[in-house]
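> Below are the sequence and a predicted model for it; my questions follow.
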Amino acid sequence: MAFAAASQNSEALKGNILCFAAMAFFAVGFPAVEFLLDSWGVLALITARMTLGGLILIIVWRLIEGAKAVTSAHWRSGIFVGALGFGIGATLLLLGQAMSDPVTTAIVAAMSPIAGAIYEFFLDRRTASLRLIIGVILSISGGLIAVGPALLTGEAGLGALVCLAAVFVYVCGTRASNQRMSGDSALARASVTTLGAALICLIAFTIAYALGVATAQIGNYGSAEIINFLIWTILAFVISQTLWLWSSGALGVLVASLQLNAVPFYVMIAGVIALGADWSWIQALGATVVGLGVIIAQIPLRFRRRPVH
């Protein structure tokens, strides 16, 4: 019993560390893609990202886990989930950022615990302990503390609504990936779902490009654009997505998504380092409250299932 408890605690600790890393890498992509959006259309960007990301993931997956893992994966489910969940979700998130700004996008992405709670409480028929409820409240409160000034100035707008739709689609895709591909590794799930996302993006881009739609515009591709694209694709997507799927499978979608509340703080740090932006102690305080909420939410880590009558 003690060994089982220690093993469970070790798995939870590992899941939290990887989830933190996933969120940090995810945040780095916001300022990078903001630079790219100056000349690139949304569909052109997301299609290039998904295609390159999918190819990299497939190669790495094949090298690490071998051909047998590749051929035995849940391809049909993964392609379907990737296309609808991650392909549409990522496109909507990028479109929302193009209509607003990186901080607003990070703010809305931090509301993922609400989507996670809705899915787990209503679809999975789960009830939460008092500590989990307190953790969720603290986590969301930390996000609101970090982004309060932006909300008060009314900068969210239509772009924020598009980002909110992206959050629900993306969290739904994560939940479906964990359920339909439960026997596959995180690297397998990331690879297959990314190819599914790339497929639907390629179809949408081809149609939009043929029609001359602005979102399919191919922009500049100098050294600065290439560097920012690689940061946005490899760090903020390939690595982040793999770590996110691993940690959400270990912790559950709701608990893992609590850490998204700290993303605005990570975006601020990325801005300070890369763009010379100002440091915000309010956002630092918000991130601290988020961290406290994440810790409290996992005591205990597991949910209790409601009896089905």
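That came through, no problem.
> Where do the helices of the stretch 51-200 of the chain begin and end?
In the stretch 51-200 of the chain, the helices defined using DSSP state H, counting those that start in this stretch lie at 75-81, 88-99, 102-109, 112-118, 130-152, 157-180, 186-211.
> what's the first one packed up against?
The helices and strands touching helix 75-81, judged by 3 or more CB pairs under 8 Å, 6 or more residues apart in numbering; DSSP states H and E, are helix 157-180, helix 186-211. The way it works is simple: take the backbone N, C-alpha and C, and place the C-beta from them, glycine included.
> Then the longest one?
In terms of contacts (3+ CB pairs under 8 Å, 6+ apart), helix 186-211 is packed against helix 42-71, helix 75-81, helix 88-99, helix 157-180, helix 240-251.
> in it, what counts as buried?
Within helix 186-211, the residues that count as buried by 16 or more other CB atoms under 10 Å are 186-202, 204-205, 208-209.
> following it, which helix or strand comes up?
Moving toward the C-terminus from helix 186-211, the next helix or strand (DSSP states H and E) is helix 223-230.
> ok, back up a step: out of the helices of the stretch 51-200 of the chain, indicate the one that is most buried.
Sort these by mean neighbour count, taking mean count of other CB atoms under 10 Å, and helix 102-109 sits at the top with a mean of 26.
> any idea how far L235 is from the closest residue to L285 other than its chain neighbours?
Counting by CB to CB, 6 or more residues apart in numbering, L285 lies nearest to I145, which is 5.9 Å off, once chain neighbours are set aside. Distance of I145 to L235, given as CB to CB, to the nearest Å: 27 Å.
> I133 too?
34 Å.
> Please apply the same query to S141.
Distance from S141 to L235, counting by CB to CB: 29 Å.
> Next, count neighbours for E225.
Using other CB atoms under 10 Å, the number of residues around E225 comes to 17.
> Then T242?
Number of residues near T242 (other CB under 10 Å) recorded here: 24.
> Next up, the contacts around the nearest residue to it once chain neighbours are set aside.
Nearest non-adjacent residue to T242, counting by CB to CB, 6+ apart: A190, 4.3 Å away. Shown in contact with A190 (CB atoms under 8 Å, 6 or more residues apart in numbering): L57, V238, Q241, T242, L245.
> Reformat the residues you listed as CSV; add distance to S77 and pLDDT.
Formatted as CSV, those follow (distance: CB to CB, whole Å; pLDDT from 0 to 100):
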residue, distance to S77, pLDDT
L57, 17, 93
V238, 21, 91
Q241, 17, 84
T242, 18, 86
L245, 14, 82
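> Please identify, among these, the one with the most neighbours.
The residue in the contacts of A190 with the most neighbours, by other CB under 10 Å, is L245 (27 neighbours).
> State the distance from that one to A115.
Distance, L245 to A115, by CB to CB: 16 Å.
> a markdown table please, covering the helices and strands packed on helix 186-211 and showing distance to M23.
Putting the helices and strands packed on helix 186-211 into a markdown table (distance: least, CB to CB, whole Å) gives the following:
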| stretch | distance to M23 |
| --- | --- |
| helix 42-71 | 18 |
| helix 75-81 | 21 |
| helix 88-99 | 15 |
| helix 157-180 | 14 |
| helix 240-251 | 8 |
